[in-house]
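Novice: Prediction below, plus the sequence it came from.
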Amino acid sequence: MRGLKLLWTKRYHVLIDLASLTAAFTISYLLRFDFAIPAREVSAYLRQLPYVVTLQFVALLLSGIYNFLWRYTGLREARSFVTATLYSSLPVLVLRGLLPDSLKFWRVPLSVIFADAVLVFLVVLGARVLRRVFYERSLRLHPSHVRTDSARKPVLLIGAGRAGRWAAGEIQNGPFSELDIRGFVDDHSEKQDSVIEGVRVLGTSSDLPRLVRELDIDHVIITIARASRSDFQRILGICEAIPVRVRVIPNLWEVLHGKLKISRIRDVQIEDLLGREPVCLERMETEHFIAGKVVMVTGAGGSIGSELVRQVARHNPRQLLLVERAEFALFQIDQEVRKNWEQLEVVTLVADVGSEKRMRQIFRTYRPQVVIHAAAHKHVPMMEENVAEAVMNNVLATYSLAQLSARHGVEAFVLISTDKAVNPTSVMGATKRIAELVVQHFDQHSATRYVAVRFGNVIGSTGSVIPIFQEQIRNGGPVTVTHPEMTRYFMTIPEAAQLVLEAAAMGQGGEIFVLDMGEPVRILDLAKEVITLTGLKPMEDIEIIFTGMRPGEKLFEELQLSEELMSKTRHPRIFIGKIAGTLNGELTEAIRRLAAICDLGEEDEIRRILSELIRESQLAGCKTITSLEVSRGVQLNQ
């Protein structure tokens, strides 16, 4: 029924194709006999015409060409026409060899078969290409479809490689494009003066000031697939000096791998300046691990937790449990999941992971098979002022949740940790380090697989530095940087969420997973770039000041302890190692002592126990950091 409906909808296309197939076969016969078909061959032609045309039409139908829109037919669709031509010619050839002499009038001459195959391909595909030519011509000429030339914005494309070709084609063929491509800019000498998609390469990046001035360019668009951090910085520096606005095609890696069509052009974002290709993990293994299971995500309303929920939902779990104590955040992710995955069974649970009674009830009722523990306090300076709360949420709640997972036969428990857990100087880092030790402890005493994942700073997550910079810029500045030499590792929210799921699928138990995040980024450079991306100039339009390092902060972060021997997994960008243990007493006894002292609110005693439990910690000096290289409030003058 669906096929008949499609044919009826495309009935005019079908009639054109049938006429084209008939004409192609007739012309092939005429060519065979020099346009003078003998009378004895006319009857053979008339017998062969219906069944040959029928076979060819069925081959076209089966190849799926009627799913294509004529006005968008191009080289990619041409493969289907080649397949259809081959499939239609093969049975005619087979029949020619199998038919007996008594049915020789049904044998199509070889020359006719081959000529017909070529003509069928040319006329059927040609009709569609011709339709596209007229369609695109009408777009250029008809004022109701496109903006007038005076209203279109003149732009330059930076990068004339594969990504640039894709971008130029998409912009030029878009029916409502507001852009007028004046040319490419590319630093490769062999591309100079060449023409790509009808657009000429006008010069190199050093010619940008002249080209922008001469061509009255509104903005430039970066179309480089493998642009490094230094490439972006160099281009932004040139454009800032001109000055001219810089934009970028979104998700170029997805575009080039056929996962996304270029649908819009956006401003350059800080994610573009990571200086490395985004890490994409193995979907098949994650799909196998998640599909058909009950998955619990704690902290489901947070920036990381909500992305984890989205990633899990894509892998078809049997049931998805959203655990969150912030009601509005939970409401938002619940509504999003129910809208985008209507068939998924979602259970929304307002709960505090620190409430053992409530969590015990949830485990008993829903029996989760995979627990992803993203709920945590993560703001370093704030946790220095709320030590007991940090321990209760990051340590005691993790211990309780891990214990419940063991008792209820959970298959895998994944802890979200942080690079601040390595040689911690903050209460937050220390609590996450102990949470890692909790994971190691239960992995040794339970059938459940316990793994941990260490993140760097996650771009765009709640409380991260970039949203703070952006808010300060919106308020007119100043942008505050704690120290001119402070560096951090960065990753995107999707990378972080994928790493968690990969760890759950790959881990055997007791491991810690770390993502290769490239080179650390200086926060001062990041602040300048965020200001520049808003179209402003650092220290002219927006002031930058140093405020001094806050309690618990480090100048630089580390990803592993010296005892943790990291090795590569089958994914070259993921490292794995065993969690380094502690020699300072039994973990369970330390947890008991911490629980008792948290009830009393003895913060100094809590710090002492944390220092005892974590040999490599540097908590002793975290309340006396006063010797700063730059004093609070000093203005940046470089």
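Specialist: Structure's in. What do you need? Residues are numbered from 1 along each chain as shown.

Novice: Now do the strands in the stretch 201-350 of the chain.
Specialist: For the stretch 201-350 of the chain, the strands defined by DSSP state E, counting those that start in this stretch cover 219-222, 245-248, 266-267, 294-298, 319-324, 346-350.

Novice: ok, which stretches of the stretch 251-400 of the chain are helices?
Specialist: Using DSSP state H, counting those that start in this stretch, the helices assigned to the stretch 251-400 of the chain run over residues 252-256, 283-290, 303-313, 327-340, 356-366, 380-384, 387-391, 397-407.

Novice: Turn those helices into CSV, including mean neighbour count.
Specialist: Every residue, glycine included, has its C-beta placed from N, CA and C. Shown next, in CSV, are the helices of the stretch 251-400 of the chain (neighbours: other CB atoms under 10 Å):
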stretch, mean neighbour count
helix 252-256, 18
helix 283-290, 16
helix 303-313, 24
helix 327-340, 15
helix 356-366, 15
helix 380-384, 20
helix 387-391, 23
helix 397-407, 22
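
Novice: I'd like to know which of those lies nearest to Ala374.
Specialist: helix 303-313 (4.1 Å; CB to CB).

Novice: CA atoms only: put that closest one into CSV for me.
Specialist: Taking Å, rounded to 0.1, in the frame of the first residue of the first chain, the C-alpha atoms of helix 303-313 are listed here in CSV:
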residue,chain,number,x,y,z
SER,A,303,24.5,20.1,33.6
ILE,A,304,26.4,16.8,33.5
GLY,A,305,23.5,14.7,34.9
SER,A,306,21.0,16.0,32.3
GLU,A,307,23.4,15.3,29.4
LEU,A,308,23.9,11.8,30.8
VAL,A,309,20.1,11.3,30.8
ARG,A,310,20.0,12.3,27.1
GLN,A,311,22.8,10.0,26.2
VAL,A,312,21.3,7.1,28.1
ALA,A,313,17.8,7.7,26.6
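
Novice: residues near the closest residue to Thr83 other than its chain neighbours, how many?
Specialist: Closest residue in space to Thr83, ignoring its immediate chain neighbours: Ser63 at 5.2 Å, by CB to CB, 6 or more residues apart in numbering. Neighbour count of Ser63, defined by other CB atoms under 10 Å: 19.

Novice: Give me the phi and psi for Ser63.
Specialist: phi -80, psi -10 (degrees, to the nearest 10).

Novice: For it, list the residues it contacts.
Specialist: Ser80, Phe81, Thr83, Ala84, Tyr87 (CB atoms under 8 Å, 6 or more residues apart in numbering).

Novice: With mean neighbour count added, can I get the strands of the stretch 201-350 of the chain in CSV?
Specialist: Below are those laid out as CSV (neighbours: other CB under 10 Å):
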stretch, mean neighbour count
strand 219-222, 22
strand 245-248, 20
strand 266-267, 12
strand 294-298, 27
strand 319-324, 26
strand 346-350, 17
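
Novice: buried ones in the longest helix seen in the chain?
Specialist: In the chain, taking DSSP state H as the definition, the longest helix is helix 110-141. Going by neighbour count (16 or more other CB atoms under 10 Å), the buried part of helix 110-141 is 112-113, 115-117, 119-121, 123-125, 127-129, 131-132, 135, 139.

Novice: what's the answer for stretch 423-438, then?
Specialist: Those would be 423-438, for stretch 423-438 by 16+ other CB under 10 Å.

Novice: Restricted to helices, list these.
Specialist: Counting by DSSP H, those contribute Val427, Met428, Gly429, Ala430, Thr431, Lys432, Arg433, Ile434, Ala435, Glu436, Leu437, Val438 to helices.

Novice: which other residues reach the very next helix or strand once past the longest helix of the chain?
Specialist: As assigned by DSSP states H and E, the chain's next helix or strand after helix 110-141 is strand 153-158. Applying CB under 8 Å, 6+ apart, the set of residues contacting strand 153-158 from outside is 164, 167-168, 178-186, 199, 202, 205, 208, 211-212, 215-224, 235.

Novice: Give me the buried subset of those.
Specialist: Here, 16+ other CB under 10 Å leaves 164, 167-168, 179-186, 199, 202, 205, 208, 211-212, 217-224, 235 buried among these.

Novice: Let's see which of these end up in helices.
Specialist: In this view, the buried ones among the contacts of strand 153-158 that belong to helices under DSSP H are Gly164, Ala167, Ala168, Leu208, Leu211, Val212, Ile235.

Novice: So the protein: which segments form each domain?
Specialist: Following automatic domain parsing, one finds the domains of the chain at 2-141, 153-268, 283-464+489-520+558-585.

Novice: element containing the residue nearest to the spatial centre of the chain, please.
Specialist: With distances taken as CA atoms, centre = their mean, Pro494 lies nearest the centre of the chain, 6.1 Å away. Under the criterion of DSSP H and E, Pro494 resides in helix 493-506.

Novice: low pLDDT regions in the stretch 151-300 of the chain?
Specialist: 151, 173-177, 225-229, 250-284 (pLDDT under 70).

Novice: would Ile531 count as being in a helix?
Specialist: Yes: Ile531 forms part of a helix when assessed by DSSP: H, G, I helix; E, B strand; the rest coil.

Novice: how close does it get to Lys537?
Specialist: According to CB to CB, to the nearest Å, Ile531 stands 7 Å off from Lys537.

Novice: Could you count how many residues lie near Ser206?
Specialist: Burial of Ser206 is recorded as 10 neighbouring residues (other CB under 10 Å).

Novice: so what's it up against?
Specialist: Neighbour list for Ser206: Ile238 [criterion: CB under 8 Å, 6+ apart].
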